[in-house]
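Q: Need a 3D model of the sequence below.
(chains A, B and C)
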Amino acid sequence: MNATKTNKGRFFEDFRVGEVIRHATPRTVSTGDVALYHGLFGPRFAVQSSDAFAQAIGYPRSPLDDLLVFHMVFGMTVPDISLNAVANLGYADCRFLKAVYPGDTLHAESEVIGLRENSNRKTGIVYVRSRGFRADGVAVLDYVRWVMVRKRDEAAAAPPAQAPALPDIVEPARLAAACPPLKATAYDTVLAGSPHRFGDYRTGEKIDHVDGVTVEEAEHMIATRLYHNTARVHFNQFSEAQGRFGRRLIYGGHVMSLARTLSFNGLGNAFHVAAINGGRHVAPLFAGNTVFAWSEILAAADIPHRSDVGALRLRTVATKDRPCADFPLKSGEDYDPAVILDLDYWALMPR
Amino acid sequence: MNATKTNKGRFFEDFRVGEVIRHATPRTVSTGDVALYHGLFGPRFAVQSSDAFAQAIGYPRSPLDDLLVFHMVFGMTVPDISLNAVANLGYADCRFLKAVYPGDTLHAESEVIGLRENSNRKTGIVYVRSRGFRADGVAVLDYVRWVMVRKRDEAAAAPPAQAPALPDIVEPARLAAACPPLKATAYDTVLAGSPHRFGDYRTGEKIDHVDGVTVEEAEHMIATRLYHNTARVHFNQFSEAQGRFGRRLIYGGHVMSLARTLSFNGLGNAFHVAAINGGRHVAPLFAGNTVFAWSEILAAADIPHRSDVGALRLRTVATKDRPCADFPLKSGEDYDPAVILDLDYWALMPR
Amino acid sequence: MNATKTNKGRFFEDFRVGEVIRHATPRTVSTGDVALYHGLFGPRFAVQSSDAFAQAIGYPRSPLDDLLVFHMVFGMTVPDISLNAVANLGYADCRFLKAVYPGDTLHAESEVIGLRENSNRKTGIVYVRSRGFRADGVAVLDYVRWVMVRKRDEAAAAPPAQAPALPDIVEPARLAAACPPLKATAYDTVLAGSPHRFGDYRTGEKIDHVDGVTVEEAEHMIATRLYHNTARVHFNQFSEAQGRFGRRLIYGGHVMSLARTLSFNGLGNAFHVAAINGGRHVAPLFAGNTVFAWSEILAAADIPHRSDVGALRLRTVATKDRPCADFPLKSGEDYDPAVILDLDYWALMPR
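A: Purely as a prediction, here's the structure:
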């Protein structure tokens, strides 16, 4: 009787390639969400902070922080896609397609684009392309992620393995759909907090973002609930005490927002995350850890028909309890044990 | 000199039956309050989350979560009613009378409807009917609660005992004033996150809400301050360290909101709390505990002249550090020691 | 390569008297910021809480809490002024010049008005006059602060010592610019939560604000990030563990807001902080401490041409882990070891 009303989440054998899943719960975003995001992360990018600044360069008002949009759409997908996930394995081809403003209502859907059972027959990998939409049907976000999901029944037959072809990077020509044409001359670098424009960065340049921020249980739970993300490992100390780590695991997206916020110090004019090429949650983060970050400029690209902005391809690496003055990344074949996030993305900067 | 300016709160002998107390502080509610409520509890009911969803079925926009309204009105009453309370004993005849929207300004008043000194002469029970109003005078909430309040002076004469007659339940005909006529066919159960409508629930059915959520000190204090609730036991570790429990006590309403949020998993279309028949804070909750919940359908009732929605009478039981797969409630005559809340209320569901 | 992009903050020898520094990041304030401020502090002053109350007495709507405006402007100055500060030494001549409303965009600038190297040649004192402005250029806040800042190089030459002349108090004639003419008769003291108007307070009167509030790490970090205050000592447990106190230091302004909120109980109609004459952060506050406060009426002043409001000069003292029934302040020559804040300011009250 109970099982018929409660959502236990889908298991691997419940997914079918080609299936499109419409997600609950739609959400009208507000300046309240923005304020809470500021309180939880403290981003200082002027475009997302000041309506006057945003309007001066061509936005109708301050758009939401891109990662806030990402987390809200991601959160909607959790009850249908990853409630029984063992691990969130990767992201690809993530593009921000339209600026989101307070008052917009978002909803999401996911298409199953690949399935591959693991050899142990206990789990399988589910590939989905998830999309966030405004209420008028305009897409604001599009990304692929793949997760390892438990099987309900090890003996259940698996569909033929089918993995999608995914691009290593989003091509520059596909960037900047969410960025209106800007008056780059009206972009005030003093108000923005950094004198360095697109042309000032060089491929191979590495930047230590210097600052560190310690995370508390209340903070990551408030953030993760704000996104309606219901993944159990983040909230339930009673069950996690008996689990793999003995404690609550922090949502990987929390680290992405912390790293993005820390990156302001050195990348203050990288005002818009246009795309995420890929990302790996290398190791778990727990409350009490202090997060640091550094970035490398992987490439600097022109965007066709855009003389206002250029795109920097960035690798931003986050660590825990380890300052980044020496840019920690690998230790032999493996990641340095302090590394928790390795994120590859495109950010726009005014020229 | 000091005592003349500081509010020490009323003691039992300060109350008079028939007295009407107007409460401070009026409050304009905002999407900021809504965002913080989402961050603190993570409710996923679509009506309160999406303006577009709410408008599609007949609301002008998303109303505030009913319990957020309850907590704000309750908070206003604390400095006048329960600053010297020993215990919050019960609620009855609580009805939500009008949907509240961001931008509305709320204020509250309470009428003393009963007084009964306890035999120890140290305390007495105060019954009040509290009401929340919009600035235009329209009532949005009406409920009775009774609290055990200290006497300032044990020797003080007590008024004759007078306890009000209170209904065991709110009759179905008195429900749904706060719910506009709905286009139930426009209610999209996929977006809402549950396929089960009013007709799918049966009296006697029990639902384990499965998930658990651990509470942190920062969370319950932020929530309780958001409601302007000044009860000292929630905030002051210095004095509570010397008190009954050695630590801060979590506001009972925090448990109500946690249980309501957990109940989404199994009752996703129970979009509106129309009335609270009664409730008992069975045991205290402390930071670090993990809250679980289950519900029983006590009754399913038609509401006169409403073909759009039906009312489910629900008993929602919350526990601490105890999953609810076996629906814990009593242990012999007494409550199971893990039970912290036993709430009896009416929720509306689309037909 | 790294140092060229990252802001390391100015050192003592980087400042020049007369220099005007425009600060990042401009900020559009919202009801979301207000809600979060309520959740973090719980202020119950009716003017800042209810649009209807504010409008009844002559405001267009509820203005932001004055200290919220102070913290936001202060936060903007941190990356340029005090990133390498050893200590925040004092404030003077702080005036609130214009009420700030949700939707206003704020930015800030600071003029260096004094410099004085310390005899150890390792540090120097920097005096700045900081101003907050709306996007239309109207000033909303003006204050002087002085901080002890490290030298990058002890051997660096110092400019001739030059300390500004600063007033001990803001003269009453310079108060109330931010307060529109009020209909004092429409000020409802019941809704406001206190019967005591301007005329009810006497010079020399002391008020114990009674209540205590314990501070959590998550709370002060969320607040301080909300203000875009990036001072490292508040956020980074990894580095502070090796520092002077072994733990994160709470932003001094957090104590100011806690004390102001506690002061509602006894000063409920002191609805507007018009000016801060001076303030001293006597000792540090850490998470887990419980804050108490008391106030003394230092003076009661008429404001020229204002028959609606009067000004109370208040000394509000905050303590940690020490109730204030006996008004703790000094212990011999020094402050009582429990005292953490000694603040001297003007608050307006309706007549």
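
Q: so where is the stretch 151-300 of chain A shaky, pLDDT-wise?
A: Flagging of the stretch 151-300 of chain A using pLDDT under 70 yields an empty set of residue ranges.

Q: where exactly do the strands run in it?
A: In the stretch 151-300 of chain A, the segments counted as strands under DSSP state E, counting those that start in this stretch are A:206-208, A:213-214, A:272-281, A:290-303.

Q: ok, so what distance separates the nearest residue to A:T290 once chain neighbours are set aside from chain B?
A: What sits nearest to A:T290 in space, not counting adjacent residues and going by Cβ to Cβ, 6 or more residues apart in numbering or on different chains, is C:F238, at 3.6 Å. Placement of C-beta: from N, CA and C, glycine included. Computed as Cβ to the nearest Cβ, to the nearest Å, the C:F238 to chain B distance reads 20 Å.

Q: who's in contact with C:F238?
A: The contact partners of C:F238, taken as Cβ atoms under 8 Å, 6 or more residues apart in numbering or on different chains, are A:G212, A:T214, A:T290, A:F292, A:D321, A:P323.

Q: shouldn't A:V210 be in contact with C:T6?
A: Yes. Using Cβ atoms under 8 Å, A:V210 is in contact with C:T6, at 5.4 Å.

Q: Show me whatever sits in contact with both of those two.
A: Listed contacts common to A:V210 and C:T6 are A:N265, A:G266; contacts here mean Cβ under 8 Å, 6+ apart.

Q: And those two? Which one has more around it.
A: Comparing A:V210 with C:T6 by other Cβ atoms under 10 Å in any protein chain shown, the one with more neighbours is A:V210, at 21 against 18.

Q: Return the residues in contact with the more buried one.
A: By Cβ under 8 Å, 6+ apart, the contact set of A:V210 is A:L262, A:N265, A:G266, A:C324, C:T6, C:K8.

Q: just the buried members of those?
A: A:L262, A:N265, A:G266, A:C324, C:T6 (16 or more other Cβ atoms under 10 Å in any protein chain shown).

Q: who are the neighbours in contact with the last one?
A: Read it as C:T6. Contacts for C:T6 were tallied using Cβ under 8 Å, 6+ apart; they are A:I207, A:D208, A:H209, A:V210, A:N265, A:G266.

Q: which bits of the stretch 51-200 of chain A sit near chain C?
A: A:D51, A:A52, A:F53, A:S62, A:V190, A:L191, A:A192, A:G193, A:S194, A:H196 (Cβ under 8 Å from any Cβ of the partner chain).

Q: let's see 7 Å
A: Applying Cβ under 7 Å from any Cβ of the partner chain, one finds that the stretch 51-200 of chain A approaches chain C through A:D51, A:A52, A:F53, A:S62, A:V190, A:L191, A:A192, A:G193, A:H196.

Q: Turn the residues you listed into CSV, including distance to B:R232 and neighbour count.
A: Converted to CSV, those look like this (distance: Cβ to Cβ, whole Å; neighbours: other Cβ atoms under 10 Å in any protein chain shown):
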residue, distance to B:R232, neighbour count
A:D51, 40, 22
A:A52, 43, 21
A:F53, 43, 28
A:S62, 40, 27
A:V190, 47, 13
A:L191, 44, 19
A:A192, 45, 26
A:G193, 42, 23
A:H196, 51, 18
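
Q: C:R306: which of these is nearest?
A: A:A52 (32.0 Å; Cβ to Cβ).

Q: can you pull the pLDDT of the closest one?
A: Listed pLDDT for A:A52 reads 98.

Q: can you check A:A87 too?
A: At A:A87, the model reports a pLDDT of 86.

Q: relative orientation of whichever strand or helix holds it and strand A:272-281 in degrees?
A: A:A87 belongs to strand A:85-96 when assigned by DSSP states H and E. Angle between the axes of strand A:85-96 and strand A:272-281 is 160 degrees (criterion: axes from the mean of the first three to the mean of the last three Cα atoms, to 10 degrees).

Q: tell me the mean pLDDT for the helix or strand following strand A:85-96?
A: Using DSSP H and E, the next helix or strand after strand A:85-96 towards the C-terminus is strand A:105-117. Strand A:105-117 shows a mean pLDDT of 98 in the predicted model.

Q: The helix or strand just after strand A:105-117 packs against which elements?
A: Next along the chain after strand A:105-117, taking DSSP H and E as the criterion, comes strand A:123-134. Contact here means 3 or more Cβ pairs under 7 Å, 6 or more residues apart in numbering or on different chains; DSSP states H and E; on that basis strand A:123-134 packs against helix A:66-81, strand A:105-117, strand A:139-150.

Q: Of all those, which one comes closest to A:V309?
A: Taking Cβ to Cβ, helix A:66-81 is the member of these nearest to A:V309, at 14.2 Å.

Q: And the closest one, what does it pack against?
A: Contact analysis of helix A:66-81 by 3+ Cβ pairs under 7 Å, 6+ apart lists strand A:20-28, strand A:105-117, strand A:123-134, strand A:139-150, helix A:252-262, strand A:272-281 as its packing neighbours.

Q: Need the winner for burial among those.
A: Most buried of these by mean neighbour count (mean count of other Cβ atoms under 10 Å in any protein chain shown) is helix A:252-262; its value is a mean of 25.

Q: And for that helix, what's in contact with it?
A: A:41-43, A:67, A:70-71, A:74, A:88, A:209, A:211, A:213, A:220, A:223-224, A:281, A:285, A:291, A:293, A:316, A:318, A:340-341, A:343 (Cβ atoms under 7 Å, 6 or more residues apart in numbering or on different chains).

Q: next one: stretch A:103-114 to chain centre, how far?
A: The chain centroid and the centroid of stretch A:103-114 are separated by 15 Å, computed with Cα atoms, centre = their mean, to the nearest Å.

Q: do that stretch and chain B meet?
A: Yes. Counting by Cβ under 7 Å from any Cβ, chain B is contacted by stretch A:103-114 at A:T105, A:H107.

Q: if we can go back for a sec, out of the contacts of A:V210, who's nearest chain B?
A: Nearest to chain B among these: A:L262, at 21.4 Å, using Cβ to the nearest Cβ.

Q: and B:I250, which of the helices and strands packed on helix A:66-81 is closest to it?
A: B:I250 lies closest to helix A:252-262 among the helices and strands packed on helix A:66-81, at 24.4 Å (Cβ to Cβ).

Q: Now do that closest one and strand A:272-281, the angle between them.
A: Helix A:252-262 and strand A:272-281 are oriented at 130 degrees to each other (the same axes, to 10 degrees).

Q: Alpha carbons of helix A:252-262, as CSV, please.
A: Taking Å, rounded to 0.1, in the frame of the first residue of the first chain, the C-alpha atoms of helix A:252-262 are listed here in CSV:
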residue,chain,number,x,y,z
GLY,A,252,28.8,18.3,-6.1
GLY,A,253,27.2,21.5,-7.5
HIS,A,254,27.9,23.2,-4.2
VAL,A,255,31.6,22.9,-5.0
MET,A,256,31.1,24.3,-8.5
SER,A,257,29.4,27.4,-7.0
LEU,A,258,32.1,27.8,-4.4
ALA,A,259,34.9,27.5,-7.0
ARG,A,260,33.1,29.9,-9.4
THR,A,261,32.7,32.4,-6.5
LEU,A,262,36.4,32.1,-5.5
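
Q: quick one, it and strand A:290-303 angle?
A: With the same axes, to 10 degrees defining the directions, helix A:252-262 sits at 70 degrees from strand A:290-303.

Q: Please compute how far helix A:252-262 lies from its chain's middle.
A: With Cα atoms, centre = their mean, you get 8 Å for helix A:252-262.

Q: cool, stretch A:67-77 as well?
A: For stretch A:67-77, the distance to the chain centre is 8 Å (Cα atoms, centre = their mean).

Q: ok, back up a step: and the buried ones among the contacts of C:F238, selectable in PyMOL?
A: A single PyMOL command selects the buried members of the contacts of C:F238 (16+ other Cβ under 10 Å):
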select buried, chain A and resi 212+214+290+292+321+323
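
Q: Which members of the contacts of C:F238 are the farthest-apart pair?
A: A:T214 and A:P323 (13.1 Å).
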